[in-house]
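Asks: model this:
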Amino acid sequence: MTEFYNFLASFEALIYIVLAIGGMFAFRWLWRSWREWRIAVFSLEREFSARRLGHSIAISALIVILFCAEFFMASFVIPGLPAEFFIATPTLDLISTPTGTLSADVMTQFAGVVPGTPLANSGGCVPGQVALTFPESGDEIRGAIELTGTVNIANFGFYKYEVAPSGGDVWATIAAGGSVVVNGSLGRWDTTALTPGDYQLRLVVVDNQGVELPACIVPVRVIPVQ
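Replies: Residues are numbered from 1 along each chain as shown. So this is what the prediction gives:
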């Protein structure tokens, strides 16, 4: 349905032009059929002309209905729809491994990143709105963990959480979600494939206008599974 509404809104002018051209031919056919029906004398001739007149009326009426429908949808229905209706919201299959693990390609990218100074918070962590409660800054984590926190903003769209080597800018999306969360589970992260060391975990929230808010970044240390 979203694609249908997008089509009507994006090609509104073209649809009007096509319907106008079709209407010109249809009404011309209607006019000629009506004249033929009026001057028809013989019963068989009147029967054929009446049939053509009926067909032309049906086609003309259909074009008028389509024109009115497009006008109504483009002028009243579509402008009244919420903006998030037209935004494709990522789900937990945002990446090819929706179980909270990272792909081999991402791991290869991480291997070539030189560790730097870890970033913390970056001003994006706002208690009660965008926050990670586990893991917290400086936590040591191992294996598969459950991320907890809050994503609760006005005009919420979706959230995603990503990881990068400490001080690096190569971010990999772990997973995403499309529901508001208040002091609850944000998703799962399996760290077993990562090389032990320092990483950055960031929580990104996007509103229903597609605007990405400042990320909440938390430095963590991945330690070997014992």
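Asks: domains in the chain, by residue range?
Replies: 2-81, 89-222 (automatic domain parsing).
Asks: which of those domains sits most buried?
Replies: The highest average neighbour count among the domains of the chain, using mean count of other Cβ atoms under 10 Å, belongs to domain 89-222 at a mean of 17. For glycine as for every other residue, the C-beta is placed from the backbone atoms N, C-alpha and C.
Asks: distance from it to the middle of the chain?
Replies: Here domain 89-222 is found 20 Å from its chain centre; the criterion is Cα atoms, centre = their mean, to the nearest Å.
Asks: please shift the residue numbers so they start at 36 in all later answers.
Replies: That works, and once the first residue is 36, the last one we named lands at domain 124-257.
Asks: what would the domains of the chain look like in CSV with mean pLDDT?
Replies: Putting the domains of the chain into CSV (pLDDT from 0 to 100) gives the following:
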stretch, mean pLDDT
domain 37-116, 89
domain 124-257, 81
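Asks: how much space is there between the closest residue to residue 98 other than its chain neighbours and residue 241?
Replies: Distances taken as Cβ to Cβ, 6 or more residues apart in numbering put residue 58 closest to residue 98, at 4.7 Å, once the chain neighbours are dropped. The spacing between residue 58 and residue 241, counted by Cβ to Cβ, to the nearest Å, is 43 Å.
Asks: can you check residue 173 too?
Replies: Taking Cβ to Cβ as the criterion, residue 173 is separated from residue 241 by 27 Å.
Asks: ok, back up a step: thought the residue nearest to residue 98 was touching residue 102?
Replies: Yes: when contacts are counted by Cβ atoms under 8 Å, residue 58 is listed as touching residue 102 (7.2 Å).
Asks: where do the strands of this structure begin and end?
Replies: According to DSSP state E, the chain carries its strands in the segments 165-169, 175-176, 179-186, 191-200, 207-212, 216-225, 232-242, 251-257.
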